[in-house]
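J.: here you go, sequence then predicted model.
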Amino acid sequence: MKRGLLGLLIAALVLLPPLGKPYVLHVVIVILINVVYAQALYVIMRMGYLSFGHAGYIALGGYTSALLVTKLAITPWIGFLAGGVVAGIFAWALGAVTLKLRGIYFSLSVFAFAEVVNAAFRAFEVFGGPAGIAGVPRPALLGTRLNTHLQFYYVVLAVALVSLFFLYRLQWTRFGFTLLALRTRETERLAESLGINAARYKTLAFVVSCFFCGLMGAVHVHYLRFVSPFVFTFFLSNDLMIYVMVGGLGSYWGPMLGTVLLTGLGEQLFAAGYYKSLVYAVVLLVVILALPGGLISLPRILRRGGARERVLPVAADVTAARER
Amino acid sequence: MRRPMLALVLLVALAVVGLPAGVHAQKSFKVGAIVPVSGPAAAFGLGVQRGLELAAEDVGVFAVAGEKYKLEVVTYDTVYAPDKTVAAINRAVYNDNVKYGVIIGAGVHPPILPIIRETGFLDFAFAAAGRQITNPDNPTAFRIMASSDQLYQAYAVAIAEKLGGKRIAFLGPNDELGKNDAKAIKAEVEKLKAKGVSFVGDEYYERGARDFGPALLRLIAQKPDIIDTDGSPTGSIALIAKQARELGYNGYFVNSTAVLEAKAISDIAGKAGENIIALRIWASPPTKLYTELAERHQKKYGEAAPGTLWETYGAARWLVDTIVKAGTFDTMKVADALAGSTYAAHPFGAASWGGEKAYGIKRQIIMPIPAAILKNGKWEPFDVRSGKFE
Amino acid sequence: MLEIRSITKRFGGLTALQDVAFTVGRGELVALVGPNGAGKSTLFNIIAGAFPPTRGQIVFNGRDVTGLSSHDLARLGVARTFQQTTLFGEQTALENVLHGLHRHVPARVVAGLLATPAYGKEQREVARRALGVLELLGIAAYRDTVAADLPLGIQKLLTVAVALATEPVLLLLDEPAAGLSRDEATRMMNLVASEIRQRCTVVLVEHNMRIVAGWCDRALVLHFGQKIYDGAPEGLTRDQGVVDAYLGVAELA
Amino acid sequence: MDVYLHLIGQGLAIGLLTGILYVLIALGLTLIYGILHIVNFAHGEIYMLGAMGVFYCYVVFKLPFAATLVVILLLSLLLGLGVERAFFRPLRGQWLQLVVASVGLSLIIQSLGWIAFGIQEKNVPSFFTGVVAFGGVRLPTQRLIAAAVGVVLVGLLYALVYRTKVGLAMRAIEEDEETARMLGIDADRVAALACAVGFALAALAGAFVAPIYSLNPGMGLEAILMSFLIIIVGGLGSITGTVLAGLLVGVLQSVGGVLLGAEAAYGLVFIVMIVVLVVRPAGLLGKA
């Protein structure tokens, strides 16, 4: 059943857009970008790690591409990849140092890193200083520059589908499955005794997570055709965390659900900023207190009549012997 | 079982509340207020929103090419963030077919200028920064407030003659506004080198910061007699004055971007507020309309009018007059008609457009520049006569 | 197979172990015995690589592994269980064992990402191997139950299953029978002495004499960090040193 | 040369005064982390509520200064008890949910603040005007008084934690909550008290900052950023660590500001933090 639904969704995303108005395309583009950010953040949140500084890596990816394209006239297609790679490298560097820390220490150090990155972009003129970098061109394909909403929508869709497929499949690899063994200090010690090098796995997970943030950050900057230290801020990291928590940590589809719902809801509340954050916060607290598994756990709870099931992605392929 | 159901019901209720309100009976001419109405810069945004609302009341019903219209204000909160401004202009132009609007913030303009060019959106920019917005590539972008270049020309003359100031220092936020204003001031002060006026130092602080002690210490060590605080938010200027006096500085303060209420400054700084010169304050109301609007705002919204009210009101009334005369909503035609016209009933006084020499296109509003100096808690006229600004 | 050369361990002023030395041959079933606080767990954790000794060496299959991290030791074939029955509480029994198989499952990142048919077949094979380990421990029926919901007895068996899944050469069991009923303990020890013993050498920590005498071929008694007896369990009751150290504390079951 | 000496002296003095205020804010955060094991994101907002409380009590309702402080103290203690009971207790033990819930709480208080307090910047006239000058260093009296009270509050906290039975219970829970419960310590009651005291510290810090700075509902963000910095450098859960780190950051920012300029000083403080994180991940006096 789930395969069919997924196929339908992808077909709709590919075929329907030409009919949509530019504003609808804009909203779908923003949702697709946020979904990839949320799914990338989910990779480490699923591992029990909370990051308040993912906007820093998104900014790194965005600035890398913006600088490469505007200063060295490199084609944006390379800029996208470079954005992901640079974010990954910084993730590896910070990960090696901070992933030994657990819990709030890790979250705060990533948060501090993001603040330093933003302060650096603001301070040095080579990064465009507080004004940022304007005139970041859209990529060109077969000679035409993809300036209209529809054209660039397909770029965002392509990158999003590839990223989401990769992140989905990652769960069913041994690597994705092993990350589940590192959720707490005790299970980490047990994993170590089974030959799993916890530090290396956690760092790799952090690199994967930041690679996709950087990649999508670059695409985002080329969509805005602009980047400045005020675009990817602490508030973006907050929103992403809220999308993942409201959607639910229990399954791959949780963060996606949370992002689509809340971004859609957010679009309605365009008149005043603080109404949007008020609604986000109320929804977040209601879900955390009344629905710990997040919205994604709702169908299971309604069907089962309240059994609070520990919903964790089961390595279906790896346990094919189990029919369910 | 009960708790999840409760959660589900609450979520559905919230989603419904969010849906946009009903539809207006009469045909409406929508004007967007793409401004921050939350966050630190909210005061500026609300001034624009209310300026448009008061203008809509006064304009009432007007006819264009035989159809009756009322002016409807649609607010899009940008929270002064670039990506939110892009979302707002996308929604305004493509979803709500809003073709006209006031947009605050030089910092948020770069990402939306391409969209403004592509769609011909008529942008009344509330942003001091000069060339980036008003230039030949953006035929439908007008600046409805005095630009920083305009203000410094006026203010540079004031330093040399009236205040006899010789050593100018700058203290402002480390964002794009502060850095641009500092560059503009340095350029103007260079021109006065012959008169022995020199620029002695510039310091920056985190926007929204509260403690200016360290930065002021460095500046005061240079013995300045004028400290320019351009780009600083309203709340900070009084604090700067207070903390500077505490550190022994007793020269002048000059600000050409913020709008300051005398009472607000004396609340924070008390006597330390003396000798603040503001280039956006009218010591004595320039026109009867100016006072009327201030009183109507106090009655309607229960608080003093933010500084962006009058310029927005004036620009909105001028726009509607032009559209009625031109008999069309086509932004390119209206832009040309507007640029060529003058408007006597602007709250600041007679207004016209200029700026061909400075920016290569007539899109800079030319109107009397207010200036006042704070003397024992009251604004007194500070006569700043400057050369023409082409 | 395993040589312990005069291991000493001091925590600040306290000397937990003082010049303990012994060797364990391939296929032996050795019990580390001693009253609480005698240093059994400290010695056990040093062998398992949890923390390094203050002085002394550990040689495993002729190689000096002193101070090696636990995941490197695991790669050399040393597996262990924990005293507090540590398990992956949020995952099912089968998944816990799958983590145990980690070393023997090729990473196959590319195949995994592309979900190739070969990858699917290989994963099913891995699942069958995991199921086999559960069957060996007789707890296959619980394969889909989440570990945290299992009764203590089954959890204990599961911890052994997870350790066994790494196909170790040396299996270190930390009080495998602790907290179990008499029958469950008997069932556990029968398994250890039969199937498990054929697969690998076993060193277990135990302070219950009945278990040591019943199943182990050799007992090694620690008292205040020093080795006071190393020989057949039967000799325990006759050795004066052990009797003084022990009988003064616990009754001989 | 003496110009710089004077500047550094002045910078040092202001740095210490600001440092004490930073300590006050961060202490509440450390206390709550130590006992409840969460970093309360809504801490900055409580600081803001304290400042707004002074504006409404002292300026709008014309309450005398002492009465204002008492009102703020009581309200913040009540708020602390309420929040602990409604949000933190149901989520006890679920670390991830607790932290994200506190982020939600922070957003709610902030947005309600914007709606209730409006957008105009609020100002509170100084309770004590004038400047105290000695040895070429000029210090505003208002800040001196605020710093003095800050020192008293820190002293009271030390007394509470290290001299009273409740303090002993707090330290027991911080070491090992399970054992503490087994020894008959009512962990829930102590946690509620710790949360209340934490909130009170933040609110009082806000109250003392009110006359020095201008107020708006968003001022909590800077306070929480600075407090995070301080508890990372000082070491989570360590009161002495927080006090030292708070003073260090205050002085560093002020003297750094004087010598290198405000922007560089801000960067300097962050670099020091990254260095501390690398060298001693648990912070100066923290326990990892």
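T.: In hand now; what should we look at?

J.: strands of chain A, residue ranges please.
T.: Listed in chain order, the strands found in chain A under DSSP state E are A:133-134, A:140-141, A:144-145, A:226-227.

J.: near chain B, anything from the second one?
T.: No. Contact check for strand A:140-141 against chain B, using Cβ under 8 Å from any Cβ of the partner chain: none in range, with a minimum separation of 15.4 Å. (Each C-beta comes from the backbone N, C-alpha and C, glycine too.)

J.: in its sheet, what does that strand sit against?
T.: Paired with strand A:140-141 in the same sheet, following DSSP bridges, are strand A:144-145 (antiparallel).

J.: ok, back up a step: need the strands of chain A in JSON lines with mean neighbour count, can you?
T.: JSON lines is the format used below for the strands of chain A (neighbours: other Cβ atoms under 10 Å in any protein chain shown):
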{"stretch": "strand A:133-134", "mean neighbour count": "21"}
{"stretch": "strand A:140-141", "mean neighbour count": "13"}
{"stretch": "strand A:144-145", "mean neighbour count": "12"}
{"stretch": "strand A:226-227", "mean neighbour count": "30"}
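
J.: near chain D, which residues of chain B?
T.: By the criterion of Cβ under 8 Å from any Cβ, the positions of chain B lying close to chain D are B:37-40, B:42-43, B:46, B:174, B:203-206, B:208-215, B:217-218, B:221, B:233-236, B:238-239, B:243, B:246-248, B:264, B:267-268, B:270, B:303-304.

J.: now do the nearest residue to B:G120 once chain neighbours are set aside against B:F142, distance only.
T.: Nearest non-adjacent residue to B:G120, counting by Cβ to Cβ, 6 or more residues apart in numbering or on different chains: B:T331, 4.5 Å away. Counting by Cβ to Cβ, to the nearest Å, the gap from B:T331 to B:F142 is 11 Å.

J.: related to what we said a few turns ago, can I get the strands of chain A in a markdown table with distance to B:T85?
T.: Output for these, formatted as a markdown table (distance: least, Cβ to Cβ, whole Å):
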| stretch | distance to B:T85 |
| --- | --- |
| strand A:133-134 | 13 |
| strand A:140-141 | 26 |
| strand A:144-145 | 23 |
| strand A:226-227 | 10 |
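
J.: now render the ones you listed as a markdown table, adding mean pLDDT.
T.: Formatted as a markdown table, the entries for those read as follows, by pLDDT from 0 to 100:
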| stretch | mean pLDDT |
| --- | --- |
| strand A:133-134 | 88 |
| strand A:140-141 | 88 |
| strand A:144-145 | 87 |
| strand A:226-227 | 92 |
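
J.: contacting residues for residue 257?
T.: Looking at chain A here, since you left the chain open. Applying Cβ atoms under 8 Å, 6 or more residues apart in numbering or on different chains to A:L257 gives the contacts A:G247, A:G248, A:G294, A:L295, A:I296.

J.: switch to chain D, that's the one I care about
T.: Contact partners of D:G257, counting by Cβ under 8 Å, 6+ apart, are B:G213, B:P214, B:A215, B:L217, B:R218, D:G11, D:A265.

J.: the second one against D:G256, yeah?
T.: Yes. In terms of Cβ atoms under 8 Å, B:P214 counts as a neighbour of D:G256; the distance is 7.4 Å.

J.: which of these two has more neighbours?
T.: Between B:P214 and D:G256, B:P214 has the larger neighbour count (other Cβ atoms under 10 Å in any protein chain shown), namely 27 against 22.

J.: from B:S232, how far off is that one?
T.: Applying Cβ to Cβ, the value for B:P214 to B:S232 is 16 Å.

J.: before we move on, the earlier item: which neighbours do B:P214 and D:G256 share?
T.: With contacts defined as Cβ under 8 Å, 6+ apart, the residues adjacent to both B:P214 and D:G256 are D:A265.

J.: next, give phi and psi for D:A187.
T.: phi -60, psi -40 (degrees, to the nearest 10).

J.: just want the most central residue of chain B.
T.: Compute the mean C-alpha point of chain B, and by Cα atoms, centre = their mean the closest residue is B:F126, 4.5 Å away.

J.: touching, that one and B:M145? I think so.
T.: Yes. In this structure B:F126 lies within contact range of B:M145 using Cβ under 8 Å: 5.8 Å.

J.: got the residues of the stretch 151-288 of chain D near chain B?
T.: Taking Cβ under 8 Å from any Cβ as the criterion, the neighbours of chain B within the stretch 151-288 of chain D are D:209, D:212-214, D:216, D:218-219, D:222, D:253-258, D:261-263, D:265-266.
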